[in-house]
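K.L.:
Generate a structure from the sequence data that follows.
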Amino acid sequence: MNNPPDQGFTLIELLLVITILAIAIGLGTPAMGKLAEHHARTALLNDLLTGINHARTQAVMQGVNVTLCPLDQHHRCSGDWNQPITVFRDAGRTRTLNRNSDILHVVQAPGRGKLYGRTGIRKHFAFRPSGLARDSIGHFLWCPDDGEAENAFQVRINMGGRPAVAQDSNGDGIAEDAYGQNIICP
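P.N.:
Now for the predicted structure:
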């Protein structure tokens with residue numbers, strides 16, 4: 001009777017496969033982190049643009065003032081832009097959400113990185129029934145967790161109420177602000 005040859009892996013072969021897998025996982029992990037950060041950046045950028053455009057559109061369509069801001073526990077605009085950002089009807093321009101039925105849109109809080117809202121002395125962006133944002137122009141700046149400006153973005157809101165994403169016009173890998181200077185993460 002013929003005995004079939006032993007089938008399976010030797011200990012050396014098994015250790016070699018485990019070593020190769022460990023190296024591959026070690027090399028792939030940083031790339032996965034960058035991919036997750038890029039996805040979070042893109043998702044937040046798209047959500048912000050949607051929220052801004054929705055606020056402006058609803059102000060015009062409904063003929064009412066619309067405010068965009070993070071809310072504190074008393075439903076007033078706060079300066080913590082890393083909280084959910086609420087777009088709501090604000091007929092009296094009080095910067096306070098009086099009724100939940102006035103909520104038009106909510107931009108979720110950033111899952112990664114840090115978001116800054118630069119609105120001068122204000123804690124909000126506001127759109128008039130004409131669609132203009134004359135009294136609350138400014139910008140959003142998002143910086144990744146590592147603070148690298150190459151991966152940051154800036155969204156400016158002009159007096160016309162239109163958002164514009166800062167671009168890298170000089171090819172150095174960092175977008176420029178409204179004055180042509182590289183954006184800087186604090």
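
K.L.:
quick one, what contacts residue 162?
P.N.:
Counting by Cβ atoms under 8 Å, 6 or more residues apart in numbering, residue 162 makes contact with residue 56. Bear in mind the C-beta positions are built from the backbone N, C-alpha and C, glycine included.

K.L.:
Low-confidence ranges, this structure, go.
P.N.:
Within the chain, the segments meeting pLDDT under 70 span 1-6, 28-31, 33.

K.L.:
For it, which residue occupies the most central location?
P.N.:
residue 44 (2.8 Å; Cα atoms, centre = their mean).

K.L.:
Where does it sit, in terms of helix or strand?
P.N.:
Residue 44 belongs to helix 11-62 when assigned by DSSP states H and E.

K.L.:
Give me the residues contacting the next helix or strand after that helix.
P.N.:
Using DSSP H and E, the next helix or strand after helix 11-62 towards the C-terminus is strand 66-70. Strand 66-70 has contacts (Cβ under 8 Å, 6+ apart) with 51-52, 55-56, 58-59, 77-90, 93, 95, 104, 117, 123-127.

K.L.:
Looks like residue 164 contacts residue 158 (just checking).
P.N.:
Yes: contact criterion Cβ atoms under 8 Å: residue 164 and residue 158 qualify, at 6.8 Å.

K.L.:
Quick one: residues contacting residue 48.
P.N.:
Shown in contact with residue 48 (Cβ under 8 Å, 6+ apart): 85, 107, 140, 155, 163.

K.L.:
so the residue nearest to the third one when sequence neighbours are not counted bridges to which residues?
P.N.:
Yep, that's residue 140 we're talking about. Distance criterion Cβ to Cβ, 6 or more residues apart in numbering; nearest residue to residue 140, sequence neighbours excluded, is residue 155 at 4.6 Å. Beta bridges link residue 155 to residue 140, residue 165, judged by DSSP bridges.

K.L.:
Kindly provide the distance from residue 155 to residue 178.
P.N.:
11 Å (Cβ to Cβ, to the nearest Å).

K.L.:
the more surrounded of the two?
P.N.:
Between residue 155 and residue 178, counted using other Cβ atoms under 10 Å, the more crowded position is residue 155 (19 against 12).

K.L.:
any idea how far residue 63 is from the more buried one?
P.N.:
Computed as Cβ to Cβ, the residue 155 to residue 63 distance reads 26 Å.

K.L.:
just residue 136 next, same as before
P.N.:
Per Cβ to Cβ, residue 136 is found 18 Å from residue 63.

K.L.:
Tell me which of those two has more neighbours.
P.N.:
The residue with more neighbours, out of residue 136 and residue 63, is residue 136; 22 against 11, by other Cβ under 10 Å.

K.L.:
In three-state terms, label the more buried one for me.
P.N.:
coil (DSSP: H, G, I helix; E, B strand; the rest coil).

K.L.:
Contact partners for it?
P.N.:
Contacts for residue 136 (Cβ under 8 Å, 6+ apart) come out as 119, 120, 122, 124, 125, 126, 157.
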